[in-house]
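Colleague: attaching a predicted model along with its sequence, questions to come.
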Amino acid sequence: MKNVILRVLCWPLYFGTLIALVVGALWGEGQKRWEDGALLVRLRRDSWPMVKGKKPWGGWYVGWGGTTFGFGVMLSPDANETIVEHEMVHVEQLEDATVGGWALGALVFAIVHSWLGLLAWLACWTLTPIFIYLCATLVAWLRSEPNVYRGNALEEAAYNATAARCKSAQSAP
């Protein structure tokens with residue numbers, strides 16, 4: 001029952017599933033995988049995001065392992081289980097942010113209690129995860145992190161959680 005409540009509260013993250021379906025249809029290997037409610041799509045090696053020189057902006061995804069869009073995850077052809085684990089940490093972070101956005105929006109609606117308040121609730125619910133990630137990146141830049149992407153607190157947490165999960169999996173009997 002709790003999982004159903006979580007999925008209902010996190011409905012905006014299903015837009016990411018739609019993105020993953022489109023990415024999979026256009027550039028994916030065809031093999032899709034579901035993990036903890038997220039759709040994982042692996043790019044083909046010869047796809048536009050992976051091949052440098054294809055115009056325009058071909059090869060822009062070379063060097064990346066994976067990207068999370070809500071309940072949709074795009075993986076490079078060489079992405080291993082560590083990268084999958086990392087992206088699944090981001091799915092959990094997005095769930096947290098979405099539920100937080102729902103609660104913030106509910107508070108705004110309770111105060112404003114009008115059509116504008118309802119619109120603000122919907123905006124908070126859907127945009128909070130993006131807003132939090134962008135703000136974490138801005139804070140990394142303001143802290144003069146040597147690598148703004150890796151210095152983003154959400155990325156740091158995902159890398160640390162992935163390392164911890166992989167370490168515990170290796171030490172398990």
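Modeller: Looks like it arrived, so ask away. Residues are numbered from 1 along each chain as shown.

Colleague: low pLDDT regions in the chain?
Modeller: Scanning the chain for pLDDT under 70 picks out the ranges 168-173.

Colleague: which parts of it are strands?
Modeller: Taking DSSP state E, the strands of the chain run over residues 28-35, 38-43, 66-69, 72-75.

Colleague: the last one packs against which elements?
Modeller: The helices and strands touching strand 72-75, judged by 3 or more CB pairs under 8 Å, 6 or more residues apart in numbering; DSSP states H and E, are helix 14-27, strand 38-43, strand 66-69, helix 81-112. Where you see a C-beta, it was placed from the backbone N, CA and C, and this is true even at glycine.

Colleague: winner for burial among the ones you listed?
Modeller: strand 38-43 (a mean of 24; mean count of other CB atoms under 10 Å).

Colleague: thinking again about what came up before, quick one: the strands of the chain as a markdown table, columns for distance to Lys52 too.
Modeller: Listed next are these as a markdown table, based on distance: least, CB to CB, whole Å:
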| stretch | distance to Lys52 |
| --- | --- |
| strand 28-35 | 19 |
| strand 38-43 | 14 |
| strand 66-69 | 18 |
| strand 72-75 | 18 |
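
Colleague: any idea which of these gets closest to Tyr133?
Modeller: Taking CB to CB, strand 66-69 is the member of the strands of the chain nearest to Tyr133, at 9.8 Å.

Colleague: okay, and the beta partners of the residue nearest to the spatial centre of the chain?
Modeller: Nearest to the mean C-alpha position of the chain, by CA atoms, centre = their mean, lies Thr68 at 2.9 Å. Note on Thr68: beta-bridge partners by DSSP bridges are Val73.
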